[in-house]
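everything below, folded, please.
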Amino acid sequence: MNINTLLALTISKGASDLHLLADRPPALRIHGEIEAIDIPAFSHDEITKLLYSIMTHLQIRKFEQEKELDFGLQYDLANRFRINLHQQKGFMEATLRLISTKIPSFKELNLPEVIKDLARLKDGLLLIVGPAGSGKTTTIAAMVELINQERKAVVITLERPIEYVHTGQKSIIKQREIGIDASSFSIALKSTFRQDSNVIVIGELDDIETVKNAIAAAEGGNLVVASFHSLNTLQGIDRLIGFFPPENRKQMLSQLANCTKGIVSQVLLPRKDKLGRVLACEVIIVTDAVKRIIRGDELVQLPTIIQTGSSYKMQSLFESINKCVEEGIVDAEIAKSYLEEFTKYGHK
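Below you'll find the predicted structure:
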């Protein structure tokens, strides 16, 4: 079996991910569940041969040097794969995530209208947070596409790798891939200050320099949309500030409070009808009350503000998940388990 056959199977099964594992059969993640493919296990050499067949000489050399590699592969006009190569116990393995080249609409993603309002802002920091595989990249792509359709702006995206490909409409869109077009998020972000940018998208806030430059860009008049891995909003803010030494915590909380305009925390829930997953999200609009809470390092008070913030179009994850249950989209027991996981870090 060649790699193209496996990629075609991933698409036909409606899987989100293909896992290539040494000495085990390949596996698919379908609607959030792992399912092994009923074929013999691949050896390490077979996996290496499969993956090297879709890589350039430069990519092969980089992987062999660093033992890690992220890159994108355009399979056909409708489908693209984000590929992560890594080693496990000395063996080469890979995770290949399927990405449709069609950018879903806000309605298709079940995103609330308030996120459109956030995308229409002219400056400030917008944080899109959630665990791995929660659809953050797709949400950001929908926001960029809205800007592209409505605003004459220079939009610079920093991605690792590029997933959704945008074609300029009203906006000029420059998509830079970390590892190919720049060596790191922090270096690429610094250079955007000299590229006449209006909107900057950061695929991952992964170190202290990137966080500092993201805040500086937002303070300097850009709309900065940044993705960050965390379980929920509270953990996201705490982890971001955790990049900095304890003696800088108060200063960074103050800067974050001043430049942040909105925070979206999201999860993907398995649908009751087994036909995929549905997005549920929490939305915080950074009002004066929210600024005071962040500035004062009283993050545990945020859930109370969200509950009373409906006039600002805020919504809690509980409200979003509960709506999915009421509409018959998500099973109540599944919803309960996700809410229990979500509340482990400060939320009530």
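
going forward, measure contacts between C-alpha atoms and count neighbours the same way
Fine.

roughly how far does residue 208 sit from residue 118?
Look at residue 208 and residue 118: by CA to CA, to the nearest Å, they are 25 Å apart.

can you show me the helices along the protein?
With DSSP state H as the criterion, the chain has helices at 3-12, 44-52, 57-66, 106-109, 114-119, 136-150, 185-192, 208-219, 233-242, 249-259, 288-295, 302-307, 317-326, 332-342.

to residue 22, which of the ones you listed lies closest?
The closest of the helices of the chain to residue 22 is helix 44-52. By CA to CA, the value is 5.1 Å.

what is the mean pLDDT for the closest one?
The average pLDDT for helix 44-52 rounds to 95.

that helix to helix 3-12, inter-axis angle?
70 degrees (axes from the mean of the first three to the mean of the last three CA atoms, to 10 degrees).

the inter-axis angle of helix 44-52 versus helix 57-66?
For helix 44-52 against helix 57-66, the angle by the same axes, to 10 degrees is 140 degrees.

can you list contacts of helix 44-52?
The list of residues contacting helix 44-52 from outside it, by CA atoms under 8 Å, 6 or more residues apart in numbering, reads 2, 3, 20, 21, 22, 23, 60, 91, 92, 93.

give the buried residues for it.
For helix 44-52, the neighbour count (16 or more other CA atoms under 10 Å) marks 44, 46, 47, 48, 50, 51 as buried.

and those residues, which is closest to residue 128?
Checking these against residue 128 with CA to CA, the nearest one is residue 51 at 31.6 Å.

can you give me how far the helix or strand bottoming out on mean pLDDT in the chain is from the chain middle?
When the helices and strands of the chain are scored by mean pLDDT, DSSP states H and E, helix 332-342 comes last with a mean of 87. Helix 332-342 sits 21 Å away from the centroid of its parent chain (CA atoms, centre = their mean, to the nearest Å).

just stretch 102-116 next, same as before
The answer for stretch 102-116 is 15 Å, by CA atoms, centre = their mean.

the more surrounded of residue 208 and residue 118?
residue 118 (21 against 16; other CA atoms under 10 Å).

how about the residue located most distally from the centre of the chain: what's its closest non-neighbour residue?
Distance from the C-alpha centroid of the chain peaks at residue 40, with 33.3 Å (CA atoms, centre = their mean). For residue 40, ignoring the flanking residues on the chain, the nearest one in space by CA to CA, 6 or more residues apart in numbering is residue 25 at 5.7 Å.

quick check: phi and psi on the one you found?
phi -60, psi 150 (degrees, to the nearest 10).

contacting residues around it?
Residues near residue 25 by CA under 8 Å, 6+ apart: 36, 37, 38, 39, 40, 41, 42.

of the residues you listed, closest to residue 250?
Using CA to CA, residue 36 is the member of those that sits closest to residue 250, with 48.5 Å.
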